[in-house]
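Peer 1: coords below, sequence missing:
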């Protein structure tokens, strides 16, 4: 941000966008807080049947004075020393030389969960009026576009009759693989990567993990980090994740061997069981426990260039994930029942049928397990 009068202009423009968020017909009444709530209480613009109106000229919630106060607080807390550099660039084309960074950290798009660029247009239309000609308010890949960059955005666009988008699961997986491959290129051989993900659908996880593996990474661990508010709108009466899962990964050697499917299956139950016991001892429960077991399970698979059966047939990631969900479910059931009924670690199916196993598990885990079961 410039250190002259233009900086004040930019701050006032940001306050204007906060005011716009609280001054539209998509606002609602915050019941528990008994106050006016802006349009973006979450990353979506949902239908509001009975909207709340704020007064931009008041000092209450939704007023312009309050917007100015929030922007001023950020400006006051902004560090004066410059320790880093921020640059707008494509995630598949970093402006960095090979093997030059020690840490690569990313929070990638959540598959089809959030249409980021489309939502950003809500604020861009106001910023372009308040800051005409500003160098950051344009599409670097298409200078003629009046809206936010969308062509190269790696997301899945949900199909509908008014959209001509071709961004499907294959587009997302290919783009994520290129982005992870680029991260692998700039990271040193002794570096560490960390990937944040909290989307809970099977399709989203498969696409992300496939991109990581094809990008040249070995997933070594996964940690649930409490980043989500329990009172957020999406968490009410749902099996939403209470945490974001941070997948820790390292560059896979170029000469990594081919894995044996039998060896992978024999190692999987013990790795999942050991990790689940550790996480439960640290108070991790429910759906968060399930997804936090993915990292150690994927390390077995992703440390190889590929995994083959004894007949030489390559095992795909969806095939492996199906085994992972199965082992995680049985291991969780064994923990719940405290008996040998599930016996996840000896590979047996157990006597309980699928529906009975779901009934025996905690409610949140049952909802999540049903959502994560791969569809045939």
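Peer 2: The structure has been received and is ready for your questions. As the structure is a computational prediction, the values presented were derived from the model and not from experiment.

Peer 1: so residue 224 sits in a strand?
Peer 2: Yes. According to DSSP: H, G, I helix; E, B strand; the rest coil, residue 224 belongs to a strand.

Peer 1: Is it bridged to anything, and to what?
Peer 2: With beta bridges defined as DSSP bridges, residue 224 has these partners: residue 245.

Peer 1: now the strands for the chain?
Peer 2: For the chain, strands defined by DSSP state E occupy the ranges 28-30, 35-37, 101-106, 187-197, 217-225, 244-251, 258-260, 306-308.

Peer 1: Rebuild the ones you listed as TSV, extending it with distance to residue 180 and mean pLDDT.
Peer 2: All C-beta spots, glycine's among them, are computed from the backbone N, C-alpha and C. Formatted as TSV, these follow (distance: least, CB to CB, whole Å; pLDDT from 0 to 100):
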stretch	distance to residue 180	mean pLDDT
strand 28-30	38	83
strand 35-37	37	83
strand 101-106	8	92
strand 187-197	8	90
strand 217-225	6	83
strand 244-251	9	86
strand 258-260	20	93
strand 306-308	17	92
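
Peer 1: I'd like those strands laid out as JSON lines, including mean neighbour count and distance to residue 275.
Peer 2: Shown next, in JSON lines, are the strands of the chain (neighbours: other CB atoms under 10 Å; distance: least, CB to CB, whole Å):
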{"stretch": "strand 28-30", "mean neighbour count": "15", "distance to residue 275": "39"}
{"stretch": "strand 35-37", "mean neighbour count": "19", "distance to residue 275": "39"}
{"stretch": "strand 101-106", "mean neighbour count": "14", "distance to residue 275": "22"}
{"stretch": "strand 187-197", "mean neighbour count": "17", "distance to residue 275": "17"}
{"stretch": "strand 217-225", "mean neighbour count": "20", "distance to residue 275": "8"}
{"stretch": "strand 244-251", "mean neighbour count": "21", "distance to residue 275": "12"}
{"stretch": "strand 258-260", "mean neighbour count": "15", "distance to residue 275": "19"}
{"stretch": "strand 306-308", "mean neighbour count": "17", "distance to residue 275": "20"}
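
Peer 1: Please produce TSV containing the ones you listed, extended by distance to residue 78.
Peer 2: As requested, these are exported to TSV (distance: least, CB to CB, whole Å):
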stretch	distance to residue 78
strand 28-30	28
strand 35-37	27
strand 101-106	21
strand 187-197	24
strand 217-225	25
strand 244-251	25
strand 258-260	49
strand 306-308	48
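
Peer 1: Which of these sits closest to residue 207?
Peer 2: strand 187-197 (10.5 Å; CB to CB).

Peer 1: angle of that closest one against strand 101-106?
Peer 2: 20 degrees (axes from the mean of the first three to the mean of the last three CA atoms, to 10 degrees).

Peer 1: and strand 187-197, how far from the chain's centre?
Peer 2: Remark: strand 187-197 is offset 16 Å from the chain centroid, using CA atoms, centre = their mean, to the nearest Å.

Peer 1: what's the first-to-last distance across stretch 102-119?
Peer 2: 33 Å (CA to CA, to the nearest Å).

Peer 1: Figure out how far that stretch is from the centre of its chain.
Peer 2: On CA atoms, centre = their mean, the centre of stretch 102-119 falls 6 Å from that of its chain.

Peer 1: Check which residues of that stretch are buried.
Peer 2: Buried residues in stretch 102-119, counted by 16 or more other CB atoms under 10 Å: 104, 108, 109, 110, 111, 112, 113, 115, 117, 119.

Peer 1: Then stretch 285-303?
Peer 2: 286-303.

Peer 1: Report how many residues lie close to residue 322.
Peer 2: 15 (other CB atoms under 10 Å).

Peer 1: State the distance from it to residue 268.
Peer 2: Per CB to CB, to the nearest Å, residue 322 is found 12 Å from residue 268.

Peer 1: OK, contacts around residue 295?
Peer 2: 219, 220, 221, 222, 223, 245, 247, 248, 275 (CB atoms under 8 Å, 6 or more residues apart in numbering).

Peer 1: OK, contacts around the nearest residue to residue 25 once chain neighbours are set aside?
Peer 2: Spatial nearest neighbour of residue 25, chain neighbours left out: residue 51 (5.0 Å); criterion: CB to CB, 6 or more residues apart in numbering. If you count contacts by CB under 8 Å, 6+ apart, residue 51 has them with 25, 26, 27, 28.

Peer 1: contacting residues for the nearest residue to the third one once chain neighbours are set aside?
Peer 2: Translated: residue 27. Of all residues not flanking residue 27 in the chain, residue 52 sits nearest, at 4.9 Å (CB to CB, 6+ apart). With contact set as CB under 8 Å, 6+ apart, residue 52 has these partners: 27, 28, 29, 36, 37.

Peer 1: I'd like the distance between the second one and residue 44.
Peer 2: Applying CB to CB, one obtains 12 Å for the distance of residue 28 from residue 44.

Peer 1: Please, where are all the helices along the chain?
Peer 2: Counting by DSSP state H, the chain has helices at residues 5-21, 64-77, 116-130, 169-186, 202-214, 261-281, 286-292, 294-302, 317-337, 354-360, 363-372.

Peer 1: So for residue 83, which of those helices sits nearest?
Peer 2: Nearest to residue 83, of the helices of the chain and by CB to CB, is helix 64-77 at 15.1 Å.

Peer 1: Give the residue spans of the stretch 201-350 of the chain that score low on pLDDT.
Peer 2: 227-243, 287, 335-350 (pLDDT under 70).

Peer 1: on that earlier part again, to residue 150, which of the strands of the chain lies closest?
Peer 2: Among those, strand 101-106 sits nearest to residue 150 (CB to CB), with 19.6 Å.

Peer 1: how close does residue 153 get to residue 34?
Peer 2: From residue 153 to residue 34 the distance is 38 Å (CB to CB).
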